[in-house]
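Participant: With the input below, show me the fold.
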Amino acid sequence: MANVSRRIKKNRIDPADKVARGLEAPVPVIQLGRGNFVVRDVANHTEDDQRVMVRSKKTQTVRRKTRIERMVAIGLIDKDQQSACEWYANAHELGYATVGCTANYCGAGGGGFGSSDLFARYKAQQEAREDYAYARKAIPADYLVVFDYLLFGPDIDLKGLPEHARNSISLAAWLLHGQIGHMLLVAA
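Facilitator: Sure thing, here's the model as predicted:
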């Protein structure tokens, strides 16, 4: 009989989990098992960020995947649909985000709005609203409700979607890509 050595198989740990466990404020273990994190290089936006990275010797960090990245990861949409969905989400954000508005609208003290208060404040915001409205025309109304809910609504379990919902989201993403594909080529 030959001497057979048995190797003990180690459980493979996801690189994102390793980095997340080493953070000063560790990520809860239950969140690590969901696969919602990705390892990225540290973004050095300022000189202070660069100094902190050099001192701590941390060149990577963990960030949560976006909802669109998770849709790609589970096979709900592909890379072309991802670029269209990201464009759509960015146009919505630029056109309708109001974070940072500190104006006193019509003297109402911040709570009331006048008829002209919902106009775009600057040109890029107006263009983003027009692009967003143009993109929405390609998606039928019954798909649009589900599609917008999935992109902008509360976070839901994407893996638990029924098959007809998965198909309608994929179709809506393809219709969106068909409508704005020429804009994606210019932007890329």
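Participant: Next, the contact list for Y134, please.
Facilitator: Q179, I180 (C-beta atoms under 8 Å, 6 or more residues apart in numbering). Every C-beta, even on glycine, is put in place using the N, C-alpha and C of the backbone.
Participant: got it, and the one 10 residues further on?
Facilitator: Counting by C-beta under 8 Å, 6+ apart, L144 touches R136, A172.
Participant: at 6 Å instead, please
Facilitator: Contact criterion C-beta atoms under 6 Å, 6 or more residues apart in numbering gives no residues in contact with L144.
Participant: go on, the one 4 residues further on?
Facilitator: With contacts taken as C-beta under 6 Å, 6+ apart, D148 has no neighbouring residues.
Participant: so which helix or strand takes in it?
Facilitator: For D148, the host element (DSSP states H and E) is helix 141-152.
Participant: Would you mind listing the buried residues in that helix?
Facilitator: Residues of helix 141-152 classed as buried: Y143, L144, V146, F147, L150, L151 (neighbour count, 16 or more other C-beta atoms under 10 Å).
Participant: Going by distance to Q60, which of those residues wins?
Facilitator: When the buried residues of helix 141-152 are compared for distance to Q60 (C-beta to C-beta), L151 wins out at 28.3 Å.
Participant: Which residue, neighbours along the chain excluded, lies closest to the closest one?
Facilitator: A89 (5.7 Å; C-beta to C-beta, 6 or more residues apart in numbering).
Participant: TSV please, covering the buried residues of helix 141-152 and showing pLDDT and distance to K123.
Facilitator: Formatted as TSV, these follow (pLDDT from 0 to 100; distance: C-beta to C-beta, whole Å):
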residue	pLDDT	distance to K123
Y143	93	31
L144	93	27
V146	90	32
F147	93	27
L150	90	30
L151	90	25
